[in-house]
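# Sequence and predicted structure are below.
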Amino acid sequence: EVMIIGAKGGYFAALVSEIVGDDGGVTLLDPDKDVLDYVSTSLKRSGYIEKIRLRKLRRDGRAPSNLPDQLSRVLVTGSLRDLPKWVGDRLADSGFAIFPMGGKISQRLIKRERQADTCFDTELGNVVFGPLDIQDSEPQLPGPIELADMMEDVSSMATELGLLKEDDVARI
């Protein structure tokens, strides 16, 4: 069982469906109804609509209904502050999720793997993904918390590139 969070047009879900074949299942989640409608139409035209379960991702953080109890893989196509708890709880033993964790400017690609009752994170490097929710790509003025997060992201990147020292970051 593979769950993809973030539709991005449905192509990735169709590709994963081919990989898992008839023995596996694919569930595709997205928070935007218009995106899901578009993907549904696209999957109907390409013949994949019967192989992929589409679900609306709730914006309030709760788990959508009718999800598989156990997931082998979870793939996230947009930036998250952290993986929702309900996703980690559904990971099967030796199952894992790969997701970009961080703010709008930069993220770290994380592999979270379940081994028995514990999840372990492996950092796979720095990445830049767009937002998971298409509504978050609409231009808007940042609030104080978002502005502070952006400054933290920029200072982290500048430190990694050797443009700032830790003392400079502390003063900022």
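In hand now; what should we look at?
# Adjacent strands (with direction) for whichever strand or helix holds residue 3?
Secondary structure assignment for residue 3, by DSSP states H and E: strand 2-5. Looking at strand 2-5 with DSSP bridges, its partner strands are strand 26-30 (parallel), strand 71-76 (parallel).
# What is the longest strand of the protein by residue count?
When the chain is parsed with DSSP state E, its longest strand is strand 91-102.
# angle of that one against strand 71-76?
10 degrees (axes from the mean of the first three to the mean of the last three CA atoms, to 10 degrees).
# dump the residue contacts of residue 39.
7, 9-10, 13, 28, 30, 54 (CB atoms under 8 Å, 6 or more residues apart in numbering). In this view, the C-beta of every residue, glycine as well, is placed from N, C-alpha and C.
# Sorry, wrong one. I was asking about residue 126.
Each residue near residue 126 by CB under 8 Å, 6+ apart is listed here: 106-109, 157, 160.
# that older thread, mind putting the strands paired with strand 2-5 in TSV, distance to residue 36, mean pLDDT and mean neighbour count included?
Shown next, in TSV, are the strands paired with strand 2-5 (distance: least, CB to CB, whole Å; pLDDT from 0 to 100; neighbours: other CB atoms under 10 Å):
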stretch	distance to residue 36	mean pLDDT	mean neighbour count
strand 26-30	5	95	25
strand 71-76	16	96	20
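# Quick one: closest of those strands to residue 167.
strand 71-76 (35.0 Å; CB to CB).
# From the rest of the structure, what touches the closest one?
Identification of contacts with strand 71-76 by CB under 8 Å, 6+ apart yields 1-6, 12, 16, 24, 83, 87, 90-92, 95-100, 132.
# So which of the contacts of residue 39 belong to strands?
Short answer: those in strands (DSSP E) are 28, 30, 54.
# Would you reformat those residues as a markdown table and include distance to residue 79?
Output for those, formatted as a markdown table (distance: CB to CB, whole Å):
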| residue | distance to residue 79 |
| --- | --- |
| 28 | 18 |
| 30 | 14 |
| 54 | 22 |
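# hang on, the earlier thing: helix or strand right after the longest strand of the chain?
Next along from strand 91-102, by DSSP H and E: strand 107-115.
# What angle do strand 91-102 and that following strand make with each other?
170 degrees.
# and strand 107-115, what other elements does it pack with?
Judged by 3 or more CB pairs under 8 Å, 6 or more residues apart in numbering; DSSP states H and E, the packing partners of strand 107-115 are strand 91-102, strand 118-127.
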